[in-house]
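Trainee: build me a structure from this.
(chains A and B)
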Amino acid sequence: MIRSAVVSDPIDVVALTQEAASPSAGATAIFLGTVREQNEGREVTGIEYSAYEEMAVKEMRSILDEACSKFGLASAIAVHRTGELAIGEASIAVVLSHAHRGPAMDALRYIVDETKSRAPVWKLEHYIDGSREWVGSTGARHP
Amino acid sequence: MTVTVRLFASYAQTLGRSAVDIETPEGATVEDVVAAILAMPGGDRLPPRPLVAVNHSYAARGTVIGEGDEVALIPPVAGG
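Mentor: Purely as a prediction, here's the structure:
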């Protein structure tokens, strides 16, 4: 099972874990990215995520495929959520399985890092003073 | 030909719309489309070299745009 998705509903990590299960796997690795109450010293009340959905799904799928050939995964699922998220809610989940724990954890880091730098997803942070700001990296690695 | 360029997040906010139509000659490249957008009113508030996607993949500056291609300007990403 290899699957990427952009969703607007809350992420059900238990369902994803069941989906990623494989008889050949001795390890299941899970990453959840959650909305934090502070960013660079400013108090955050929530984050509004938006995405170029078709491209985000495609780019995340490419990353999963890369991870599968690099690490030999049994399964890999990446789901990014969009919309208004409150503190503590999960914005991204990556769940994968592998025969062994070492490559499972290495693959998890690879997928999360690549998704953060390549998937066309944006966040508009809402601060306690009522202001809002787009947060972003430079994306300097792309052509 | 007319190329529709999709805009997202901060770029959509900067130009006040989610897409813009650009008239380009046949054989126009990503570079040409970016130049046309930067020359629009408000375009000077975009970065001089924004990332561009063609048909849902990041594209180099010299990529030639064809009729019906989906072009998008990609602001600095911030997923996760």
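Trainee: in terms of secondary structure, what does the strand or helix carrying A:I47 contact?
Mentor: Element membership of A:I47, judged by DSSP states H and E, is strand A:42-51. Strand A:42-51 sits against strand A:75-81, strand A:83-86, strand A:121-127, with contacts defined as 3 or more C-beta pairs under 8 Å, 6 or more residues apart in numbering or on different chains; DSSP states H and E. C-beta: built from backbone N, CA, C; applies to glycine.
Trainee: and the gap between the most centrally placed residue in chain B and B:S57?
Mentor: Geometric centre of chain B, nearest residue: B:L73, 4.0 Å, by C-alpha atoms, centre = their mean. Going from B:L73 to B:S57 by C-beta to C-beta, to the nearest Å gives 14 Å.
Trainee: how are the strands of chain A distributed by residue range?
Mentor: A:2-7, A:27-34, A:38-39, A:42-51, A:75-81, A:83-86, A:90-98, A:121-127, A:132-135 (DSSP state E).
Trainee: oh, that last question was meant for chain B, not what I typed.
Mentor: In chain B, the strands defined using DSSP E lie at B:2-6, B:19-23, B:51-54, B:57-58, B:71-74.
Trainee: residue contacts, the residue nearest to the centre of chain B?
Mentor: For B:L73, the contact set (C-beta atoms under 8 Å, 6 or more residues apart in numbering or on different chains) comprises B:V5, B:R6, B:L7, B:F8, B:Y11, B:V34, B:I37, B:L46, B:P50, B:L51, B:V52.
Trainee: same check, this time on A:R101
Mentor: A:R101 neighbours (C-beta under 8 Å, 6+ apart): A:G26, A:A27, A:A29.
Trainee: now the second one: how far from A:W134?
Mentor: Pointing back at A:A27 there. Distance of A:A27 to A:W134, given as C-beta to C-beta: 37 Å.
Trainee: kindly report the same for the first one.
Mentor: Distance check for A:G26 against A:W134: by C-beta to C-beta, it reads 42 Å.
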